[in-house]
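Undergrad: Just a sequence and a predicted model for now, questions to come.
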Amino acid sequence: TATRSPRVASPLHPNHLSLMRKLLSLGLLVAVLFSALTSLAFLRYSLRFPVPRGRPIGNNVAHRRTSLLQSATSDYMDPFEDLPDEATSRQSPPSDGTKCSMRNCFDFSRCERGFKVYVYPQAPGDKRSLLYSKILRALKESRYLTLDPKEACVFIPSVDTLDRDRLSPDYVHGLDAKIQSHPLWNGGRNHLLFNVYSGTWPDYSEKLNFDFGHAMLARASVSTDMMRPGFDISIPLIPKSHPEKGGRPGSLLEKGQLFPVKKKYLLAFKGKRYLTGIGSETRNALSLIHDGDEVVLVTTCRHGKGWEKHKDAKCDTDQQKFDQYDYHDLLQSSTFCLVPRGRRLGSFRFLETLETNCIPVSLSNGYALPLAEKIDWSRAVISVDERLVLQLAQIVQSIPASKILAMRQQLQFLWNAYFASIDKVILSVLEIIHDRVLQHQSRDYYAWNLPPGALIADSLYSPYLPALPFYSGLGLGSLVEEFTAVIVAYSVVTKASAPLFNLIREIGKCRGLVKILVLWMCDTMPPKPPQWPVISVPTDVEVLEGKDKVSVFSIY
């Protein structure tokens, strides 16, 4: 067989050798420049963000040490820059109150002592409606009340702001002067105002006719366009006869009407028909889908002053149908109850359908449903665009019995938990603000939307929802958040029962704990690894020396 002879390298041409020497020199120059730039970057970083020159010791895993190379080449970030402005309260409120948010119109520093609510004392000559008196009583009986304004996180004026309809006998004149003259007003920051009626005939504007400044608004019949997201709170339109406390348990529990799932009528409505003006177009179309069998939608035009002047050909026929049905019997006997807009977006009918366990069909474009910041209404309410009014029957007929049963059960829970009485509505508003302010104690979606509800599931007992007896069997274990516990140690450990070791043992029992980091600030050396408590997660000890003790909180 033929053999392959070895290849012999040919000598380089002199020109090639010269080119290689130039390239090598250029490479060395680039390396020197890169090294110099890296050193400067590291020096700049070290001056701004000193790294501890400690000796890490610990047990269970390899000791943690900051990587100098990674630190030197990463972007430095001020540890306070990443905090939300709510916590630092750095932003000044905008001049226009309509642009308010919790970030720029709420002073979180007032809540450092906890979430407390202060109600202004009633000034001589203050006019109060019966409903506002009940609201103030609910606030004064809440667990958050404080009599010392210096402790307060939220302030409630005593002057009645509920009714801003100029034609109403409950309308309060000169509201600007009454509110703004109070020494605690401060432009409305950290204040909460309640309102159920805004505007008047004929346009029923949502403007309140007074300067509410930077105050939060708890409003009824409000549109999503007028709501300041995460700042204002939508509440239901509350009738004067609504129970102040307790309330009825709801028809599903009171009369055992869980079955049959579908009731006598599929869809029902009995109410006013407006001949002219805002809200008239939708209600005028209801007679077109009334069949008197499954769908009962009856209206009357005999209401208000001077209705005869606008009477049309349908008024008499509509009145005959209207008189055939009892309002409360329709609510009790219907699977779905229509809740169309009136002159305003909201209606008393919304709470009535919840109480009678009739699934609301909301026909009010842009309406901000009550407490929608926390409550998932898609599980209990059917929302239909007003332009689809003629398709209402087909829409509700397409909903299966299984979903109807689930929605009725959810309605029963929501009614009992948040809407059965005035105090439950008002306390729900306070709890929403509480969850915004003390976010580490806030309740999540499940606490608000599963029985028994957020008014009972207190996060002070445990922030971990499955730890509460109501939720232990719901398979929510995967919702636990993981965290690292940082302990700053100043006292010398001399025995196994030392407070530091006891603390580590107790923290080691917490759900979601993935690591404990002990920052050793003592002048003596820490105990050796075998002496530290053995727990189910790693315990790392970082020994800090000299100036590192001063910069420890900047580092971590």
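TA: Okay, I see it.

Undergrad: list the contacts for Lys245?
TA: Going by CB atoms under 8 Å, 6 or more residues apart in numbering, Lys245 touches 421-423. (Glycine included, C-beta is placed from N, CA and C.)

Undergrad: wait, I meant Pro527
TA: Val493.

Undergrad: That one in helix, strand or coil?
TA: Three-state call for Pro527 (DSSP: H, G, I helix; E, B strand; the rest coil): coil.

Undergrad: quick one: low-confidence ranges for the stretch 351-500 of the chain?
TA: Scanning the stretch 351-500 of the chain for pLDDT under 70 picks out 462-463, 475-480.

Undergrad: at 90 what do you get?
TA: Scanning the stretch 351-500 of the chain for pLDDT under 90 picks out 439-444, 457-484, 488-498.

Undergrad: Next one: the residue lying closest to Arg219 once chain neighbours are set aside from Val222, what distance?
TA: Closest residue in space to Arg219, ignoring its immediate chain neighbours: Asn195 at 4.8 Å, by CB to CB, 6 or more residues apart in numbering. Asn195 is 8 Å from Val222, where distance means CB to CB, to the nearest Å.

Undergrad: swap in Gly213?
TA: 18 Å.

Undergrad: now swap in Gly187 and tell me
TA: 22 Å.

Undergrad: Look at these two and report which has more neighbours.
TA: Val222 (25 against 15; other CB atoms under 10 Å).

Undergrad: residues touching the closest residue to the more buried one other than its chain neighbours, list them.
TA: The shortest distance from Val222 to any non-neighbouring residue, by CB to CB, 6+ apart, is to Ala368 (5.2 Å). Ala368 makes contact with 222-224, 227, 234, 345, according to CB under 8 Å, 6+ apart.

Undergrad: biggest separation within those, which pair?
TA: By the measure CB to CB, Met227 and Leu345 form the most distant pair in the contacts of Ala368, at 11.4 Å.

Undergrad: Please say which of the two ends up with more neighbours.
TA: Counted by other CB under 10 Å, Met227 and Leu345 do not tie: Leu345 has more neighbours, with 23 against 19.

Undergrad: List phi and psi for that one.
TA: Main-chain torsions, Leu345, degrees, to the nearest 10: phi -70, psi -30.

Undergrad: Contacts only, for it.
TA: So Leu345 contacts 221-223, 364, 366-368 (CB under 8 Å, 6+ apart).

Undergrad: among the helices and strands of the protein, which has the poorest mean pLDDT?
TA: Across the helices and strands of the chain, mean pLDDT, DSSP states H and E gives its lowest value to helix 68-73, namely a mean of 31.

Undergrad: hmm, back to that, ok, and the most crowded of the contacts of Leu345?
TA: Most neighbours among the contacts of Leu345, by other CB under 10 Å: Ser221, with 27 neighbours.

Undergrad: thought that residue was touching Ile238?
TA: No. The pair Ser221 / Ile238 is not scored as a contact, 10.8 Å apart, by CB atoms under 8 Å.

Undergrad: anything in contact with each of the two?
TA: Val196.

Undergrad: before we move on, back to that, show only the entries of the contacts of Ala368 found in strands.
TA: Among the contacts of Ala368, the members found in strands (DSSP state E) are Ser234.

Undergrad: Let me know the pLDDT of His303.
TA: You'll see His303 listed with a pLDDT of 76.

Undergrad: Equivalent analysis for the one 3 residues further on, please.
TA: Among the per-residue scores, Gly306 holds a pLDDT of 68.

Undergrad: And for the strand or helix carrying Phe350, what's in contact with it?
TA: Phe350 is part of helix 349-355 when elements are defined by DSSP states H and E. Helix 349-355 has contacts (CB under 8 Å, 6+ apart) with 236-239, 242, 248, 250-251, 271, 331, 337, 339, 359-360, 362, 370, 411, 414-415, 419-420.

Undergrad: Tell me which of those residues fall in helices.
TA: Those of the contacts of helix 349-355 mapping onto helices are 251, 331, 411, 414, per DSSP state H.

Undergrad: Max pairwise distance over those residues: which two?
TA: Leu331 and Leu414 (16.5 Å).

Undergrad: what about the residue nearest to Leu363 when sequence neighbours are not counted, how many residues close to it?
TA: Distance criterion CB to CB, 6+ apart; nearest residue to Leu363, sequence neighbours excluded, is Pro340 at 4.1 Å. Using other CB under 10 Å, Pro340 has 24 neighbouring residues.

Undergrad: same check, this time on Pro243
TA: Look at Pro243: counted by other CB under 10 Å, it has 13 neighbours.

Undergrad: quick one, what contacts the nearest residue to it once chain neighbours are set aside?
TA: Excluding its sequence neighbours, the residue lying closest to Pro243 (CB to CB, 6+ apart) is Ser421, at 4.5 Å. Applying CB under 8 Å, 6+ apart to Ser421 gives the contacts 242-247.

Undergrad: Could you rerun that using 10 Å?
TA: With contacts defined as CB atoms under 10 Å, 6 or more residues apart in numbering, the neighbours of Ser421 are 134, 138, 238, 242-248, 427.

Undergrad: same deal with Lys240?
TA: With contact taken as CB under 10 Å, 6+ apart, Lys240 is in contact with 129-131, 134, 170, 348.

Undergrad: redo that, cut-off 7 Å
TA: 130-131 (CB atoms under 7 Å, 6 or more residues apart in numbering).

Undergrad: Tyr418 versus that one, what's the distance?
TA: 19 Å.

Undergrad: and what of Tyr120?
TA: The value you get for Tyr120 to Tyr418, if CB to CB is used, is 26 Å.

Undergrad: quick one: which of those two has more around it?
TA: Neighbour totals were compared for Tyr120 and Tyr418, and Tyr418 leads with 24 against 18 (other CB under 10 Å).

Undergrad: Mind picking the lowest-pLDDT entry from the contacts of Ala368?
TA: Within these, lowest confidence goes to Leu345 (89).

Undergrad: Could you find the closest non-adjacent residue to Ala457?
TA: Ala447 (4.6 Å).

Undergrad: Contacts for the strand or helix carrying that neighbour, please.
TA: Using DSSP H and E, Ala447 maps to helix 445-449. With CB under 7 Å, 6+ apart as the test, helix 445-449 has contacts from 374-376, 454, 457, 465, 471, 476.

Undergrad: Also stretch 182-190?
TA: So stretch 182-190 is in contact with 93, 97, 105-107, 110, 120, 149, 153-155, 157, 179, 212-215, going by CB under 7 Å, 6+ apart.

Undergrad: Filter these down to just the ones in helices.
TA: Taking DSSP H, the ones among the contacts of stretch 182-190 that sit in helices are 105, 179.

Undergrad: What's the local residue count around Leu371?
TA: 23.

Undergrad: how about it, what does it touch?
TA: When contacts are counted by CB under 7 Å, 6+ apart, Leu371 touches 233-234, 418, 428, 432.

Undergrad: Kindly reformat the residues you listed as JSON lines containing distance to Ser491.
TA: Formatted as JSON lines, these follow (distance: CB to CB, whole Å):
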{"residue": "Ile233", "distance to Ser491": "47"}
{"residue": "Ser234", "distance to Ser491": "52"}
{"residue": "Tyr418", "distance to Ser491": "48"}
{"residue": "Ser428", "distance to Ser491": "45"}
{"residue": "Ile432", "distance to Ser491": "42"}
